[in-house]
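In: Next input, structure requested:
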Amino acid sequence: MSTVYARSTTIDAHPSFIDVGITHIRDTVMPALAGIDGCAGLSLLVDRGSGRCIATSSWLDEDSLRASESHVLQLRDSTADVFHGTITVARWDIAVLHRDHHSHRGAGVRVTWLEVEPGHLDRAIDVYKTASLPAMAELDGFCSASLLVDPAAGRAVASVTFDTALAMSGNRDKSETITTSELRASGARLLEVEEFELAIAHLHVPEMA
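Out: Next up, the predicted model:
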C-alpha cells in the first residue's frame, strides 16, 4: 500500500477563542481543503484547559502534500488570528491506522509523542502493529488508533480515540501499562502524553494496520 501523509498544525490558542476557532476550521478551512486535489480530510483536537489544539490534514500522496503548501499558508495565518494563538507545523507519514468504527465530535483522544532512533523506527512500527494496537483495541470504548512517523527526525506520535472522554479517563491506567510495555519493546523514549476532545472528525484515511 502506498504511503499516506499528514500535516499537523499545532495551535497554542487563547482558551476563550477555542469555540470560535472550531467554527472557523469547520466553516472556512475544511471547505477550502476539500477543493485541493489529494486532500483526504481533516481532524481537530482541542484541550480547553491548556488551549492546545491540533488540526491534522491527510494527503493521498507526497506531491499533493507539497503542492498544497501555498494554498494552506493563508489559511494557516487566518487560523492563528482566529484562535489568538501561535502555530507550529509538522509533516508525517501515516504508518498505521486502524478503525473499529467511526468517531464523532466529543470523543476523547489520547496522544503520545515519542522519540525513536532512526535505525529503530521499523521495530517501533512493528511493535505498535503487533502488540500495542491489539491491546488498545481491547479497551472499553475503543474507536480507532493511528501511528504517525517522521523518519528523518526519529519522531512518532500515537493517537487512540475513544467513544467518550469518560471511557478515555476510565482506562488511563491500562493505557499507561500498554505504553510502558511498548516503550520497553521498541526502545522508544516517551516525550509527552496529552488528552484531547475530538472537535472535528473528518479524516478519510484508509485502513493501514
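In: Can you report phi and psi for His84?
Out: Dihedral angles of His84 (phi, psi; degrees, to the nearest 10) stand at phi 50, psi 50.
In: cool, and the one 4 residues further on?
Out: Backbone geometry at Thr88, expressed as degrees, to the nearest 10, gives phi -130, psi 150.
In: Now that it has come up, it's in contact with Thr10, right?
Out: Yes: counting by C-beta atoms under 8 Å, Thr10 is a contact partner of Thr88 at 4.9 Å. The C-beta positions use only the backbone N, C-alpha and C, and glycine is treated the same way.
In: Which one's more surrounded, these two?
Out: Legend: neighbour count by other C-beta atoms under 10 Å for Thr88 and Thr10, higher for Thr10 (17 against 10).
In: which ones are touching the more buried one?
Out: Thr10 makes contacts with 52-54, 87-90, as judged by C-beta atoms under 8 Å, 6 or more residues apart in numbering.
In: Of these, select the buried ones using a ChimeraX command.
Out: To isolate the buried members of those in ChimeraX, using 16 or more other C-beta atoms under 10 Å:
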select :52,53,54,87,90
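In: Out of the contacts of Thr10, list just those in strands.
Out: Counting by DSSP state E, the part of the contacts of Thr10 found in strands is 52-54, 87-90.
In: what would the residues you listed look like in CSV with pLDDT?
Out: Shown next, in CSV, are those (pLDDT from 0 to 100):
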residue, pLDDT
Arg52, 98
Cys53, 98
Ile54, 98
Ile87, 95
Thr88, 96
Val89, 96
Ala90, 96
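In: ok, so of these, who is nearest Gly141?
Out: Closest approach between the ones in strands among the contacts of Thr10 and Gly141, by C-beta to C-beta: Ile54, at 20.7 Å.
In: Leaving out sequence neighbours, find the closest residue to that closest one.
Out: Leu45 (4.5 Å; C-beta to C-beta, 6 or more residues apart in numbering).
In: Next: Met208.
Out: Using C-beta to C-beta, 6+ apart, the nearest residue to Met208 is Leu97, at 4.4 Å.
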